[in-house]
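1. Got a predicted structure here, sequence first:
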Amino acid sequence: MHDLLDDYAHSNALRDTSPRLKLLLGLGAILLCVASATPIAPLFIAITISLITLILAKIPGRFYSTLLLIPFSFSLLSAVVVAFMHGGGDQLFAFNVFGIDLGIREDGANLALLLIARTFGGMCSLFFIALTTPMIEIFSICKSLGLPDFLVELSMLMYRYIFVFLDQAAMIHNAQVMRLGDAGIKNSLNSFSMLSSVLFLRSWEQGERLIIAMDARCYNGKLDLMEQSGKAEPKAIFAMMGYIAMIAAIAVLTRDIRLL
Amino acid sequence: MTFILETRNIGYNYGDGTKALMDVSISLEEGRKIALVGPNGAGKSTLMLMFNGILRPTSGEVLFRGQPLRYDSASLRDIRRKVGMVFQNSDDQLFAPTVYQDVAFGPVNLGFPEDKVKKYAGYALQYVGLSGYERRPPHHLSGGEKKRVSIAGILAMEPEVLILDEPTSNLDPVSSEEIMEMLDELNYGGKTMIISTHDVDLAYRWADEVILMEDGGVLHRGTGQEVFGDAELIKRARLKLPIVVDLYKELVGRGLLNGSKPPRNVLELTDLLESSTRGTTSQEVPGKIYICNMDGSDLGGGIKGILEKSRVSYTGAMGTNAKIMAEQARIPLDFTYGVIDKCILKALTGKNSLIMTSGGMVDHSIKRIRVYCEESGAKIEAVKLSSLAESSVSSDRREISSQKDSTKPAEVAQ
C-alpha cells in the first residue's frame, strides 16, 4: 500500500507538526537554493533536508532514494549539456569528435555544478513538503491565505478523484495486460490509447455521479475544510527559524567561493 | 393513515424511451424495514432515486407524509434532508478529501453553524464506530469503512428515512452483517429503512416488508414469508429461494416437517425440526442469557469477572459501541452479528451466554427473548446487568441490587 507520496504524507513522523511551519521551511529552503550564487548552500540544504526527511520524518531511505533518482537523472543530463555549452575561463577538458573540438571550460563546469546543486536542494525541499504535509492541510492554508473558494474546492475534488482514477487506470491496465495488451510496441500503444479514452469517458460519468451525490446531500456551494492541526510549538518555530537563518548565512558567506 | 413515503402510479422513461418504471404504486409505513428485491434492471435503483427527488417521475407523483413532492430547489433540499440516500458505490458518494469533510458536507450545506456541524459530524462518526478517522482520506479506507463513512454522512443530516442501494455489495460477509446490524439499530431508533438487494437471504431475514420488483413494476409485496413462500413468483423474478425456505420446503417434501409457514430464520427452523423429531421443543434446562449495558466506562474488568464467575460459554456484542468496548477490554467475542438468535440457540442447548450492548438495544434484546419464549414455550431466563460504572456512582437501592446482579449473576439468577 505504501507506494504513493500521499501515503507517507499521512503517516510520517512529522505528521502532526504545524503544516505552516513545514511549508515555510520547505519554501524558504527552495528560495535560498535558487538565490544562492554557489553550489555550497544548495548542497548543504540537500544534505540537511534529506536528513530531516529520513531521520525526523522517518521516511524509508530506499523509497526516498528511488524518488530522488528521478530529478537526479534529468538534472545530470541537462548539466552535461550546460557544461559543454558555456565558454569562458580556463579549458579544463577537451576532446575532438570528427574534427569538432568539444571542451568544458571553468565557467561551464561551475554553472553545471550550480545547476545540479540547485535542482537537488530544491527537489529535496519539495519532497520534504510532499512527504510530510498532506494535501488537505495545504488546501486549508491556501484558503486561509485568501485564495478564492472555488479554486480551493475544485482542487480538493480533483485531489480526491485522482486516487479513484488511479485505481481505475490500474484496473484497466491489469485487464489489458491479462489479455496480452502489452505484447509489442504496437499493442502497448494501442492499449494505452484505449486506456486514455476509457478513462476520459469514465471521468465524465464520474463527474455526473458526483453532481448527483452532492445534490443528494443538499449541495449549496459549500465544502467544509478541516480545521488546522497542530499549533506550532515555540521550540519548533525557533528550530525552523534557526535553520533558515543558518542556510541563509551559509549562502551569503560562501557567495564568493569558487569551487573550480 | 398517512404513509411516510408513497408513490402513485409513477412511471419513468429514460431519454431513449426505455421504460424504467411503469405504473408503480406503493405505500411505505413509517418505522419499518423495507427491502426492494428484484433482478438487475428491475427498476429498483430508479425507484429509489425518486424517493428523494433526484429523478422526477415522467408520470404520477411521489408523496412524503401525504404531501406531493415539489421540485423547486427549496423543497428538494427539504426532502433530501429528510430522506437520505446511500449510494451503492461508496466512491461515488465520498468526494471530499477527508472523512470529516465528507461527513460534515451535509450539515455545512444545510447552513448549520460551525459548532453544530462539528457536533453532528462527530456524533455520526461515533455512531458508525469511526471516531478518530476524521483526518483520513477515503482512499486509505477499506470497503466496509467507506460504507460506514457514507452512512455517517447521511446520518449527520438526521434523516427520517434512510435509503441504501445495495448496502452489502462488495463487502465481506462479516462487514455486511455488521452494516445490516447497524441498520437494525438505526431502525430501532425510529428511522424508516429502505434497502435494495439481490441477496435473498439477507432480505428474507432482515426486512419487515419485501417488495418484489420485475421489469419496472411491482410483482408482489408482503412479509418475507409471503413473498418468498411463493416459489413460482421468485423464479419469475430471476431470484432464488432463501436457503432457510429452500431447506424447509425440501424437508416438508420428505415428510420430515409439516407446517403452513416457512420459518424466518435458522432459529425457527431448528425449533421446527426439533419439535417434529422429538415431539417437543428442548427438554433440557435452558441456559441463561445475561444482557449487559455497556454504556459508561471501565466495564472491561467487571465483565471479565462475570465471565469467570457465571460459567458463560458464549459472548456476543451488539452495536458498534459495545463492539468497540469489548475489543478495548480484550473480551473475545463469539458472536458479532445475529447475536440474540445465536444466544437463544445456545441457551436451548443448555449453555449460558452474555450479550454486550448499549442503550435501547438492552430492552430490545429482552423483548426479543421474551417474545421468542412466548411463541415457543421455552423458558429462557434473560438477566439484565446494569452497567458497573452507573451503579457505582448512584446510591439508589435498585442500582445497588443490580450491582449485586453484576457481581454475582449466577446466584441471583437461581
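-> Done, it's in.
2. When you work out contacts or count neighbours from here on, use the C-alpha atoms and nothing else.
-> Will do.
3. Model confidence for B:S358, exactly?
-> Looking at B:S358, its pLDDT stands at 79.
4. wait, it sits on B:N293?
-> Yes: with contacts counted by Cα atoms under 8 Å, B:S358 reaches B:N293, the gap being 4.8 Å.
5. Just the buried positions in the helix or strand hosting A:L68, please.
-> Using DSSP states H and E, A:L68 sits within helix A:61-85. Within helix A:61-85, the residues that qualify as buried are A:Y64, A:P71, A:F72, A:S75, A:L76, A:A79, A:V80, A:V82, A:A83, A:F84, A:M85, counting by 16 or more other Cα atoms under 10 Å in any protein chain shown.
6. Quick check: mean pLDDT of whatever helix or strand comes next after it?
-> Heading C-terminal from helix A:61-85, the first helix or strand you meet, by DSSP H and E, is strand A:91-97. Mean pLDDT, computed over strand A:91-97, is 73.
7. Could you check the angle strand A:91-97 makes with helix A:61-85?
-> 80 degrees (axes from the mean of the first three to the mean of the last three Cα atoms, to 10 degrees).
8. Restrict strand A:91-97 to CA atoms and write it as CSV.
-> Presented in CSV, the C-alpha positions along strand A:91-97 are these (Å, rounded to 0.1, in the frame of the first residue of the first chain):
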residue,chain,number,x,y,z
GLN,A,91,39.9,25.0,-20.6
LEU,A,92,39.5,22.0,-18.2
PHE,A,93,38.9,19.2,-20.6
ALA,A,94,38.6,18.8,-24.3
PHE,A,95,38.3,16.1,-27.0
ASN,A,96,37.9,16.0,-30.7
VAL,A,97,34.9,14.4,-32.4
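9. For residue 175, the count of nearby residues, please.
-> Picking chain A for this. 12 (other Cα atoms under 10 Å in any protein chain shown).
10. meant chain B actually
-> Residue crowding around B:S175 was assessed by other Cα under 10 Å; the count is 18.
11. Surely it and B:G144 touch.
-> Yes: with contact defined as Cα under 8 Å, B:S175 counts as touching B:G144 (5.8 Å).
12. Around chain A, pick out the residues from chain B.
-> B:52, B:54, B:76-77, B:80-81, B:84-85, B:91-93, B:95-98, B:100-101, B:104-106, B:108-110, B:135-136, B:139, B:154 (Cα under 8 Å from any Cα of the partner chain).
13. what packs against the helix or strand harbouring B:A326?
-> According to DSSP H and E, B:A326 maps onto helix B:320-328. Under the contact definition 3 or more Cα pairs under 8 Å, 6 or more residues apart in numbering or on different chains; DSSP states H and E, helix B:320-328 sits against helix B:300-309, strand B:352-357.
14. Direction included, what does the shortest one pair against?
-> Here strand B:352-357 is paired, per DSSP bridges, with strand B:288-293 (parallel), strand B:312-317 (parallel).
15. Nearest to B:G41, out of the ones you listed?
-> Proximity to B:G41 (Cα to Cα) singles out strand B:312-317 among the strands paired with strand B:352-357, at 37.6 Å.
16. gap between that closest one and the chain center?
-> 21 Å (Cα atoms, centre = their mean, to the nearest Å).
17. what pLDDT, on average, does that strand get?
-> According to the model, strand B:312-317 has a mean pLDDT of 86.
18. any idea of the angle it forms with helix B:320-328?
-> Using the same axes, to 10 degrees: strand B:312-317 against helix B:320-328 is 130 degrees.
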